[in-house]
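Enquirer: test case, fold it:
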Amino acid sequence: MGDIDFQAMEFAYEKHADQAAAARARHPVVVVGAGPVGLTTALDLASQGVRVVVLDDDYRLSTGSRAICFSKRTLEIWDRLGVGQRMADKGVSWNVGKVFFRDQEVWRFDLLPEPGHRRPAFINLQQYYAEGYLYEQARQQPNIDLRWKNKVVGVEQTDAGVVLSIDTPEGAYTLQADWLVACDGARSPVRKLIGQESHGRIFRDRFLIADVKMKADFPAERWFWFDPPFHPNQSVLLHMQPDNVWRIDFQLGWNADPVEAVKPENVLPRIRALLGPDAQFELEWVSVYTFACERMDRFRHGRVLFAGDSAHRVSPFGARGANSGVQDAENLAWKLKLVLAGQAPESLVDSYAAEREHAADENILNSSRATDFITPKSDISRSFRNAVLNLARHHPFARSLVNSGRLSLPATYADSPLNTPDTDAFAGRMRPGAVALDAPVRGPGGIDWWLSRLSGSFTLALFCGDQPPAPDTLQALQALRLAAVPVTPVLVAGAHCDTSAWPADLAQVVDSEGLLAQRYDARPGTAYLIRPDQHISARWRAFAPDAVASAIQRATGRA
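Expert: Numbers count the residues shown, from 1 in each chain. As a prediction, this is how the structure comes out:
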């Protein structure tokens, strides 16, 4: 069976019972937008038992490659939602990038030289595949109600929630939501409807995207050229995608006419200059875009929340757009779930805005710096950039200054009010606010991965070495599962430990290669509290039930 042509799929409008109901229907969460961020938000909420309505004013998935570069962290999130393996199987995995200046290679980097990770640093996968896989997963989820050709034309906040006015092919209707999540893109109609806007910087440059289908013997690497002979005084990016499709980005300059630039007679000569006059290829899709780095001042406005491009957007170099949007979804879903279940105060949602606004600022800073390096706007800036590129051929210090796009990494919420500060000394990166690192482990079914044991709830990882916990510790761990906010305890045994006699009623894994303890700077007795979104909440050198209870209070906004 071949791949589904997700670009050709069309979804029929279906009249919903809400439209003819005598009283206005009410739903816990309404998500506007069925792109990668909206579908991820819906899947995450639905997997935790929250019913979600997804409204989209279109009847198709995206066309053209668009966002293609999905990070290790995004794949880990999608693993938890049941689609990560499908994305990885279809996508082109890559870790290596090369930077060229004119006709010479000046730098080569490897993004994941460390072994013992389930997922690669990045995969390249056309956005329509990502959306298609998410859509098919959502279609199997009974908690998701996906409505096509439902256009939100009015948003009104009341004491009872949010009232939406919706246009359909069969007329208008209204519904009410406890929470509205706007994932409706950079032009966000919802943002306009509530009188908000984004602020930031529009860069005076244009780039041409071309999807080219061809058979080539180039490796699966990221190649970036500054001032190449085939496109002088500009920059070019080349990426491999599935199905023998290659993504090429050509810098055009601000004065380029976007209408003329996409005409085949203007696109084909640029591609032949790169590939050679005898190259055989087909042009699949072409578009022109302008850089922008901007965000809303606040991501929360009462019961209306913004995620993905509706909240923030960055230039594409660095793969920070879609990846940060998926991380928005993961940060928000567990918090809404606890609030809706009465297990956390509404103020917990404020931490979504605080944490993800911080992440957006980090992404905008990195993206702005990359854009300034790629597209210098003065002779002095260009001279500095070219000097750095020349020095990078021979001097490692200069390579740290080369910026063809600092590639996406998950944000560390170091200053989050949800963190419990360390009281013990630790080394390494796993401080409160950091995203949990993966490592191979051995579970009841054989070889597994640590992050697959962290799914949708708070987790208390207790590193035990070669001995099971004492009876009073086991009793305290059991009690965590019955707390107001349940916590799943997981016992982590040493690499060579026989756990056959350990208590069978508690989850346990064996740190089969010792990498988990190494990455978490753990020794027997060390405990980590990990949030539902797999960020570290607290850590201690010894497990203490009162300390864990206090950390849970803090992590759920009740401190």
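
Enquirer: any idea how far Leu305 is from Arg204?
Expert: As judged by CB to CB, to the nearest Å, Arg204 and Leu305 stand 32 Å apart. All C-beta atoms are positioned from the backbone trio N, CA, C, and that covers glycine.

Enquirer: next: Ala42.
Expert: Counting by CB to CB - Ala42 and Leu305 are separated by 13 Å.

Enquirer: now swap in Leu164 and tell me
Expert: Applying CB to CB to Leu164 and Leu305 gives a distance of 14 Å.

Enquirer: more neighbours, Ala42 and Leu305?
Expert: Ala42 (33 against 27; other CB atoms under 10 Å).

Enquirer: what's the pLDDT at the residue lying closest to the more buried one once chain neighbours are set aside?
Expert: What sits nearest to Ala42 in space, not counting adjacent residues and going by CB to CB, 6 or more residues apart in numbering, is Val52, at 4.5 Å. At Val52, the pLDDT value in this model is 98.

Enquirer: give the contact list for Val52.
Expert: Contact analysis of Val52 by CB atoms under 8 Å, 6 or more residues apart in numbering lists 27-31, 41-42, 45-46, 143-145.

Enquirer: could you dump those residues to a markdown table with distance to Ala8 and secondary structure?
Expert: Supplementary listing: these in a markdown table, determined by distance: CB to CB, whole Å; DSSP: H, G, I helix; E, B strand; the rest coil:
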| residue | distance to Ala8 | secondary structure |
| --- | --- | --- |
| His27 | 31 | strand |
| Pro28 | 34 | strand |
| Val29 | 30 | strand |
| Val30 | 28 | strand |
| Val31 | 25 | strand |
| Thr41 | 26 | helix |
| Ala42 | 23 | helix |
| Leu45 | 29 | helix |
| Ala46 | 27 | helix |
| Asn143 | 28 | coil |
| Ile144 | 23 | strand |
| Asp145 | 24 | strand |
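
Enquirer: filter the residues you listed down to the buried ones, ChimeraX style.
Expert: Written as a ChimeraX command, the selection of buried residues from those, which uses 16 or more other CB atoms under 10 Å, is:
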select :27,28,29,30,31,41,42,45,46,143,144,145
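
Enquirer: could the contacts of Val52 go into CSV alongside pLDDT?
Expert: Converted to CSV, the contacts of Val52 look like this (pLDDT from 0 to 100):
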residue, pLDDT
His27, 98
Pro28, 98
Val29, 98
Val30, 98
Val31, 98
Thr41, 98
Ala42, 98
Leu45, 98
Ala46, 98
Asn143, 98
Ile144, 98
Asp145, 98
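
Enquirer: of the contacts of Val52, which is the nearest to Ala414?
Expert: Set against Ala414, the nearest of the contacts of Val52 by CB to CB is Thr41 (24.6 Å).

Enquirer: quick one: contacts for that closest one?
Expert: So Thr41 contacts 31, 52, 181, 183, 307, 328-329, 332-333 (CB under 8 Å, 6+ apart).

Enquirer: among those residues, which ones are in strands?
Expert: 31, 52, 181 (DSSP state E).

Enquirer: beta-bridge partners for the second one, please?
Expert: The residues listed as beta-bridge partners of Val52 by DSSP bridges are Val29, Ile144.

Enquirer: and it, how close does it get to Gly253?
Expert: On the measure of CB to CB, Val52 and Gly253 end up 44 Å apart.

Enquirer: could you find the closest non-adjacent residue to Asn124?
Expert: Val92 (4.5 Å).

Enquirer: got the phi and psi for that neighbour?
Expert: phi -90, psi 110 (degrees, to the nearest 10).
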